[in-house]
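Trainee: what shape does this take:
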Amino acid sequence: MLRPLPLIEECCKGMAPARALDLACGSGRHSLYLAGLGWKVTAVDFSEVALVLLQSRATERNLKIDTRLADLEKGEFIIEPESYDLIIDTFYLQRGLFSQIRQGLKIGALLIAVIALIDHDPDLKPMNPDFLLEPGELKSEFSDFEIIHYLETRRDPQKRPNAEIVARKVNRQAEL
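Mentor: Numbers count the residues shown, from 1 in each chain. Now for the predicted structure:
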C-alpha cells in the first residue's frame, strides 16, 4: 500500500478533521489516510475495481469511506457547492472541474492538488497534452485563493514534472 504524498501528510496532520473529497482517488491511499485521521471522506473514481479495493482496505482498518463510482468526465459526480473543508486532486487533470472545485470548497477550506506538467523531454512517455498543465496554469487558475504553497518541480528524473498547490478559499467580499 502506497503512503500518502508527503505534501498531503504535511498539510493534513494538524488540521481538525471535517469533510473531505478525494477526486479520481484510485485505490484510495489519500482517502484511507484522511479517514484514519477522523475525516469524513467521499472518494470518487471511475474504476469499480479500485473502489472495491479501497472499501476492502477501509473495512480492514475499521474506517468508513463514502465511495462513489462515477466518470468525472461524463459529469456523473457533481461537487456540491460549499460542501467540503478539503478537496484533494492528485495526478488527475480535468480543467472543467476547476470551477466545481472552487465552488465546492467552504470559505477557509483547502485545495491540495498535484498534477503533471507538460514537458517536451523526448525520453518521457508521450502523453495527451489535454491532460497536462502548462507552467503556471494551476497557480493562475486559483489566483483568487490564498496560495499557501506552490511548486513546479521534477522530483524524479525519470518522471514528468508536477505542479503542486495548497490553496485556501478566502472570502474576497469580506476584504472589500
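Trainee: please count neighbours and contacts with C-alpha atoms only from this point.
Mentor: Will do.
Trainee: shaky segments in this structure?
Mentor: For the chain, the stretches with pLDDT under 70 are 1, 120-127, 156-158, 172-176.
Trainee: now the strands for it?
Mentor: Secondary structure of the chain, counting by DSSP state E: strands at 19-23, 40-45, 65-69, 84-90, 105-116, 146-153, 162-168.
Trainee: counting contacts, what elements does the second one pack onto?
Mentor: I take that to be strand 40-45. With contacts taken as 3 or more C-alpha pairs under 8 Å, 6 or more residues apart in numbering; DSSP states H and E, strand 40-45 sits against strand 19-23, helix 29-36, strand 65-69.
Trainee: what about the nearest residue to residue 152 once chain neighbours are set aside, how many neighbours?
Mentor: Nearest residue to residue 152, sequence neighbours excluded (C-alpha to C-alpha, 6 or more residues apart in numbering): residue 163, at 4.3 Å. The local packing of residue 163 (other C-alpha atoms under 10 Å) involves 24 other residues.
Trainee: who does residue 163 form a beta bridge with?
Mentor: Per DSSP bridges, residues listed as beta-bridge partners of residue 163: residue 115, residue 152.
Trainee: isn't it right up against residue 155?
Mentor: No. With contacts counted by C-alpha atoms under 8 Å, residue 163 stays clear of residue 155, the gap being 10.8 Å.
Trainee: what sits against residue 165?
Mentor: 111, 112, 113, 114, 138, 139, 147, 148, 149, 150, 151 (C-alpha atoms under 8 Å, 6 or more residues apart in numbering).
Trainee: same thing with residue 135?
Mentor: 117, 118, 152, 163.
Trainee: mind redoing it with 7 Å?
Mentor: Residues near residue 135 by C-alpha atoms under 7 Å, 6 or more residues apart in numbering: residue 117.
Trainee: repeat for residue 77
Mentor: Counting by C-alpha under 7 Å, 6+ apart, residue 77 touches residue 70.
Trainee: ok, back up a step: what's the closest of the contacts of residue 165 to residue 34?
Mentor: Nearest to residue 34, judged by C-alpha to C-alpha, of those is residue 112 at 12.8 Å.
Trainee: surely that closest one is in contact with residue 101?
Mentor: No. With contact defined as C-alpha atoms under 7 Å, residue 112 does not reach residue 101; the gap is 10.7 Å.
Trainee: got the domain ranges for the chain?
Mentor: Here the domain parsing of the chain from automatic domain parsing is 17-77, 82-176.
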